[in-house]
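Peer 1: Sequence first, predicted model second:
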Amino acid sequence: MSSNDSIPHLSQKLCLRLLTDLEHARRPVLEAVKCSLDNAEYNFKVGYLTPGSKKVRTELNVSSVQKMSRAIFLLEILLRNLETGAVNTKRELYYISKGEIKHDPALKPLDFADQNESDSIIDFICEMLECYREELNCFANDRGGQTYSQQLVVTETMPDGDTAVVDLSSLGTSPFQPKNRPQSLKLKVKKKVDFCLVVESEGTANTFVANGFCKRNSCILMGAQGVPSNAVRGWCKLIQDQLKVPIYFFGDLDAYTIQNIYRTLKAGSAASLIRNSDYSAPDVKFLGVLPEDIKKYDLSDYPVKENDVQEARALKKAQDALKNDPFFKDKKNKGVTQLLDWLLKNKRRCEQQSLFTVDPRDPTMPEKIIVEKIKRGIFL
Amino acid sequence: MAKQKITSSSTAEYFSKNLQQVGFSSPTKAVLTTLKEAVDNSLDACEEAGILPDISIRIEKVGTGTLKSTDLIRIKIDDNGPGLEVEDVTKVFGEYLASSKFGKGRCSRGQQGIGISAATTWAQLTSAKGVQVITKTAKMRQAVSTVVQVDIKNNKGVLQDKKTVAWDRPSGVSVEFLIDGRLQLQGEGGLLTYLTGTALVNPHLTLRYKIGDNPVEKVERVSKECPGIPEATEPHPHTMKLGEFIAHSHLFGRVTVAAWLKRGFSRVTDNTIDDLVKAGIKKSFFEQSIDKTSETEFKTLFSKLQEATLMAPSTKSVITIGEEAFSKSVRRLGEVDFFSVVTRRPAICDFKPVAVEVAVARLKNPLAKTAGEDETPATVLRFANRVPLQFDKAACAMVKAIESVNWRTYGIQQPKNGIPVGPYVIAVSLVSPFIKFKNASKETVDASDELVEEFRRAIIQAGQRLSRHIRREDRAEDLENKIRHIEQFCPILVDCLCRITKSPAKRKELATQGLVKLLGRDVRVAEKQLEEAVEDHKKAQKEGKIQIVDSEVVDPKKKLKPARREKMA
């Protein structure tokens, strides 16, 4: 990022424009990218959801003056953090702002009633500056992405310039936990890595490691822990870009997994249109469970309970996704679209752990099936 | 199977075993029902005699009840009505289905003559003592004091300890019940809720009451007009069944069919008879005596009459409280902020004359105080023929109508299809000679589509009137917020911008001026909207559509600091 594109510089420019408009009694307007599905575009060659031309315009008036004042107030705190290198979570920023207000009674009208209010202002700043919160030194709790490998070596550059080298093979059964801003990590491998496997369930990923998956295969094994966090998304993108190894996702066969977990990992989400370029791994393939696996391995599946609120909602969302989500509308993603369509029509679901039914006495059977599927190219 | 003997039992026997059907299903309800029946009788008697009612009530615990977890409660009600003749005392208090109003088609509180006899039975069953009655009519030199018991086997009243006593009033009745029960003051089935409601829909009533250890309360009358006694109306043929139709003819002796039809029914005229002739009934049939009419002829006449087009029943039999009296009465609810009252013209619903009145008031101190008052549902007061309905709210036609109205359009919060929330009281009153209750204890009005729609219209009218005040308040609040926003946020925004851009003080001053100028334009728009709302509000007040109790309106512009005001000007 050049100094002209840096966050402090962009912020300065924005504030100067606001001030000049005010001096001339003109109504300043703040523009932010509209982060929603109706402003999401998808191009298979790009590989992830990108923002369209729609903007959210906030014109200064008596109703918006509070929001604008809060935004500039929080921006000042964030710029100070960038200057000093301090980092904070959204919760901490909420309390920092409360502290500032406590010490200056004139700021009392800005006070946030709860964290949701300050969170939405931070999001608004990100959308306005077209950056992501990590770029403003505002980090989320690291969740998911616990990684195991006998080959991978990670070099981390610390904020003070020091480096730390982590050899994953030396960690035993302990995993490596990627950070929310994995761009500061450098990866290298001791020996050629054949593939990277992302398992939806953290528990199942642990089981595979305990049963010797990483010893028998030259691979990187990762647990996604449900809907991938920024850490998992950025980490997959890093593995894809720096190591150029094929990445496979293995999870449940249901609408929620395809639409929420796999789609987000591969192409990002509509809520994070600004950051999808750094937080999606378009090369990830869907390894299973596939409908043909149910037949081939005689897996235990069961019908979707339509009277279950959560499952009914997932089905409805999947129907909407087929109609409105540009990722599923793209012909190049026909395989995944057909899979979602199959799930909606047949209303059945099959869990990743069902592979353990194939040979209950052989703990390595799921591994054998996964490796066979990769070798024979049975994935989407 | 052995042959079992079939016996018949008296009405009193039936009710003594089924008192729960007439409001004696729990100790708390027993106290409320006893009070209610006695007050209803007093009010009906006063109104019939054209006397402004003056009722005193005393309810107190005097010991432990004979039933499990009950107290022995004394309930004493005195009125200044016309008093009862001694021979009527046995019938009124000791005989079931002895009534002066049954089937008369009038909007009286009591109808069948069950309630007060049931209260006497309850007293007799629980404390082994009937009701102590003191009565004096204007003609009597001295009052008569007696105890009335119900002879349950024969459904007759029995007098005991009858004696003459001196009484300091020209006429009236005093009743004293000693029953097993429990006192509940607040809440849906509370005694105070009942008394508040009764005072609301009876503006001509002066009420004194002392309950338990609480001090004596007095609610003065706000209207000196005693409600007129509505005219009794003859039944409308379309509201009758064949059996009733034939039985009705027996009341008229030897008159012609035409005379019976014209005198015995409302809305049957010579034109109706001509229509019936055209429909195929011989003209000579109408000239024959009614007692010579065969069942087949009755059947034919009944079916042709049902097919005939008749005017809707008369609405003369319903008399409303009236917007003026109701408005005065609303103020007795507590510290009322503002309110609107709607009295609908009498209408016909399900072929019965009905009159609906609605009052919606906002209180400064809500009746039902709970945590998070903004979330508390509005208090709903329901009345049928001026008697509060306190139980089984959910199934009532009035509540269904309240829930069907979109209150949000009037600026009042409302959960989806629910009762609106906030410090409001919604009082709905129905007056009709034929109210269709859901149960014998008259707690819920049956919800027919037509009746719900009639309630709905009245509620909507009241809501619309109220909304003009709420809109004015909203506009004033909006303007106040806008002015406050300018004062509060302008310096902060400009300060922050100048710190980030490291701008000099000169720029800060210019930007502040520009910002105030900009936002001042928005304020002027809000001011104009407020002016319009105030005008509309004044008009509504002038037309009497809305009444403000605390009419002090603070001009939001006055709250501005002088310097700011100048700048904005």
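Peer 2: Sure, I can see it. The structure presented is a predicted model; accordingly, all values stated were derived computationally and were not measured.

Peer 1: List the contacts of the residue of the stretch 201-350 of chain A found nearest chain B.
Peer 2: The minimum distance from the stretch 201-350 of chain A to chain B, using CB to the nearest CB, falls at residue A:309 (17.4 Å). The C-beta positions use only the backbone N, C-alpha and C, and glycine is treated the same way. Counting by CB atoms under 8 Å, 6 or more residues apart in numbering or on different chains, residue A:309 touches no other residue.

Peer 1: From residue B:416, how far out is it?
Peer 2: Per CB to CB, to the nearest Å, residue A:309 is found 17 Å from residue B:416.

Peer 1: For the stretch 201-350 of chain B, what lies in contact range of chain A?
Peer 2: Taking CB under 8 Å from any CB of the partner chain, no part of the stretch 201-350 of chain B reaches chain A.

Peer 1: Spatially nearest residue to residue B:386 (excluding sequence neighbours)?
Peer 2: Closest residue to residue B:386 apart from its sequence neighbours, by CB to CB, 6 or more residues apart in numbering or on different chains: residue B:201 at 4.6 Å.

Peer 1: distance of that neighbour from residue B:432?
Peer 2: Residue B:201 is 14 Å from residue B:432, by CB to CB.

Peer 1: Also residue A:331?
Peer 2: 69 Å.

Peer 1: Neighbour count for those two, which is higher?
Peer 2: Neighbour count, other CB atoms under 10 Å in any protein chain shown: between residue A:331 and residue B:432, residue B:432 has more, with 24 against 7.

Peer 1: Quick check: closest non-adjacent residue to that one.
Peer 2: That would be residue B:354: by CB to CB, 6+ apart, it lies 4.3 Å from residue B:432.

Peer 1: Checking my notes, that neighbour in a helix, right?
Peer 2: No: using DSSP: H, G, I helix; E, B strand; the rest coil, the assignment for residue B:354 is strand, not a helix.

Peer 1: Could you verify my assumption that it touches residue B:429?
Peer 2: No: applying CB atoms under 8 Å as the test, residue B:354 and residue B:429 come out as separate, 10.6 Å apart.

Peer 1: Which one's more surrounded, these two?
Peer 2: Shown here are residue B:354 and residue B:429; by other CB under 10 Å, residue B:429 has more neighbours (27 against 24).

Peer 1: just to confirm, which helix or strand has the more buried one in it?
Peer 2: Here residue B:429, judged by DSSP states H and E, is contained in strand B:424-431.

Peer 1: do the same with residue B:523
Peer 2: If you go by DSSP H and E, residue B:523 is part of helix B:505-542.

Peer 1: If we go by neighbour counts, what in that helix is buried?
Peer 2: B:507-508, B:510-516, B:518-520, B:522-523, B:526-527, B:529-530, B:533-534, B:537, B:540-541 (16 or more other CB atoms under 10 Å in any protein chain shown).

Peer 1: Kindly report the same for stretch A:19-30.
Peer 2: By neighbour count on 16+ other CB under 10 Å, the buried set for stretch A:19-30 is A:19-23, A:25, A:27-28, A:30.

Peer 1: Ok, stretch A:84-103 next?
Peer 2: Buried residues in stretch A:84-103, counted by 16+ other CB under 10 Å: A:87-88, A:90, A:93-94, A:96-97, A:100-101.

Peer 1: what are the ranges of the helices in chain A?
Peer 2: Using DSSP state H, the helices found in chain A span residues A:7-23, A:65-84, A:90-103, A:115-129, A:202-210, A:213-216, A:230-238, A:255-256, A:263-267, A:291-297, A:309-324, A:326-329, A:334-346, A:365-376.

Peer 1: Same check on the stretch 51-200 of chain B?
Peer 2: Using DSSP state H, counting those that start in this stretch, the helices of the stretch 51-200 of chain B run over B:86-94, B:115-127, B:191-201.
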